[in-house]
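**Student:** okay, predicted coordinates and the sequence, questions at the end:
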Amino acid sequence: MSASINPTVRRRRLGAELRRLRESKGMTAEEVAGRLMVSQSKISRLENGRRSISQRDVRDLCDVYNVDDARMRNSLMEMARESRQRGWWHEFGDIPYSVYIGLEAEASSIRAYESSFVPGLLQTREYAEAVVMGTQPDTEADAIRRRVEVRLKRQDRLTGEDRFASFWSVIDEAVLAREVGGKPVMSDQMARLLEVGEQPNVTIQVIPFVHGAHPGMTGTFSLMEFPESADSTVVYFEGVTSDLYLEKDVDVRRYTGLYDHLRAAALSVVESRALIVNYAEAYQR
């Protein structure tokens, strides 16, 4: 876990604690919103950790929930203060998926499925640049540079001291076949996959074209697990205008089962590596 304070995770933990307090009082979000004369959506965003929580918000909610324990109130207030700090990624300006980066920075393991592109944590600089330019053609050059730099810095968690316990990536063969940035870029990207795949905490599997239809064809997603038991597993979907995060047990179980199906549909690690080698040789030719 990161040594520095992670504001995204602090917001999430604080929101979960506020939700627990509300439910222990048998109150609905609508009732709390009415007491504080705010919108119900604000209460929901505070509880799901998607909105910054001010110390005033915490004070008002503690009053509504009759929290008299000074230590608990102080602890919640401190979490609110920490949740408003800036993560390292904010140094690069406005990054559209900053919530995800905050969660990824604290995750102990990730299971990712990708059908179109090499996962961001496995991309080379040139491949990442080609992906950002191709998928966001109206983005200015400076914004592209900043997003690529953030993506490369995120990769420290694959091999650094604070590395993931496990990063498991299942990709469709289309990821290997789609020529992004040209043959030299793809050749280097295949080499990158082969290199990173040798890390003991990294597993890469490929679902081949010959397998036919499979559950992952409905869309890509990631499962993030965290070292603290208080932090539930998160299912993440990247969207064009907004992202989706699922944390309910029923959703986590569903996508955990789906990921197991994808791993079963994929080639073994050794077979996957051989297929990547074939593509690497083809791009070199």
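**Tutor:** Nice, thanks for sending it over.
**Student:** contacts and neighbour counts: CA atoms only from here.
**Tutor:** Fine.
**Student:** helices along the protein, start to end?
**Tutor:** Counting by DSSP state H, the segments of the chain that form helices are 7-24, 29-36, 40-47, 55-64, 70-83, 98-106, 125-135, 141-154, 156-159, 173-177, 183-196, 249-265, 269-284.
**Student:** check which residues of the second one are buried.
**Tutor:** Right, the one you point to is helix 29-36. Ala29, Val32, Ala33 (16 or more other CA atoms under 10 Å).
**Student:** contacting residues around the spatially most central residue of the chain?
**Tutor:** Among the residues of the chain, the one closest to the centroid is Tyr100, at 4.1 Å (CA atoms, centre = their mean). Contacts of Tyr100 were listed using CA atoms under 8 Å, 6 or more residues apart in numbering, and they are Tyr236.
**Student:** against Arg13, how distant is the residue sitting furthest away from the middle of the chain?
**Tutor:** Relative to the mean C-alpha coordinate of the chain, counting by CA atoms, centre = their mean, the farthest residue is Asp68 (36.2 Å). Asp68 sits 20 Å away from Arg13 when distances are taken as CA to CA, to the nearest Å.
**Student:** sorry, back to before: can you list the helices of the chain in a markdown table and add distance to Pro208 and mean pLDDT?
**Tutor:** Converted to a markdown table, the helices of the chain look like this (distance: least, CA to CA, whole Å; pLDDT from 0 to 100):
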| stretch | distance to Pro208 | mean pLDDT |
| --- | --- | --- |
| helix 7-24 | 36 | 82 |
| helix 29-36 | 47 | 91 |
| helix 40-47 | 40 | 86 |
| helix 55-64 | 51 | 90 |
| helix 70-83 | 43 | 84 |
| helix 98-106 | 28 | 83 |
| helix 125-135 | 22 | 94 |
| helix 141-154 | 27 | 91 |
| helix 156-159 | 25 | 92 |
| helix 173-177 | 5 | 97 |
| helix 183-196 | 16 | 97 |
| helix 249-265 | 8 | 95 |
| helix 269-284 | 9 | 97 |
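**Student:** for the ones you listed, give me CSV that also has distance to Tyr236.
**Tutor:** Below are those laid out as CSV (distance: least, CA to CA, whole Å):
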stretch, distance to Tyr236
helix 7-24, 14
helix 29-36, 24
helix 40-47, 17
helix 55-64, 27
helix 70-83, 21
helix 98-106, 8
helix 125-135, 19
helix 141-154, 17
helix 156-159, 18
helix 173-177, 19
helix 183-196, 23
helix 249-265, 10
helix 269-284, 24
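**Student:** please name whichever of these is nearest to Pro215.
**Tutor:** Taking CA to CA, helix 249-265 is the member of the helices of the chain nearest to Pro215, at 7.0 Å.
**Student:** buried stuff in the closest one?
**Tutor:** With burial defined by 16+ other CA under 10 Å, the residues of helix 249-265 counted as buried are Val252, Tyr255, Thr256, Tyr259, Leu262, Arg263, Ala265.
**Student:** of the residues you listed, closest to Gly197?
**Tutor:** Taking CA to CA as the measure, Gly197 lies nearest Arg263 of those, at 15.7 Å.
**Student:** list the contacts of the closest one.
**Tutor:** The neighbourhood of Arg263, defined by CA under 8 Å, 6+ apart, consists of Val170, Gln205.
**Student:** bridging residues for Phe167?
**Tutor:** Using DSSP bridges, the beta-bridge partners of Phe167 come out as Ile110, Val202.
**Student:** could you measure from the residue farthest from the centre of the chain over to Val148?
**Tutor:** Taking CA to CA as the measure, Asp68 falls 48 Å from Val148.
**Student:** and the closest residue to Glu225 other than its chain neighbours, how many neighbours?
**Tutor:** In space, and not counting its chain neighbours, Glu225 is closest to Thr233: 4.7 Å by CA to CA, 6 or more residues apart in numbering. Here the number of neighbours of Thr233 (other CA atoms under 10 Å) works out to 22.
**Student:** go on, the one 4 residues further on?
**Tutor:** Phe237: 16 surrounding residues under other CA under 10 Å.
**Student:** wait, doesn't it sit right on Ser222?
**Tutor:** Yes - counting by CA atoms under 8 Å, Phe237 sits close enough to Ser222 to count as a contact (6.8 Å).
**Student:** let me see the contact set for Leu193.
**Tutor:** With contacts defined as CA under 8 Å, 6+ apart, Leu193 is in contact with Leu122, Ile276.
**Student:** which one among the buried residues of helix 249-265 gets closest to Met217?
**Tutor:** Distances from Met217 to those, taken as CA to CA, are shortest for Leu262 (10.1 Å).
**Student:** with that, I have no additional questions.
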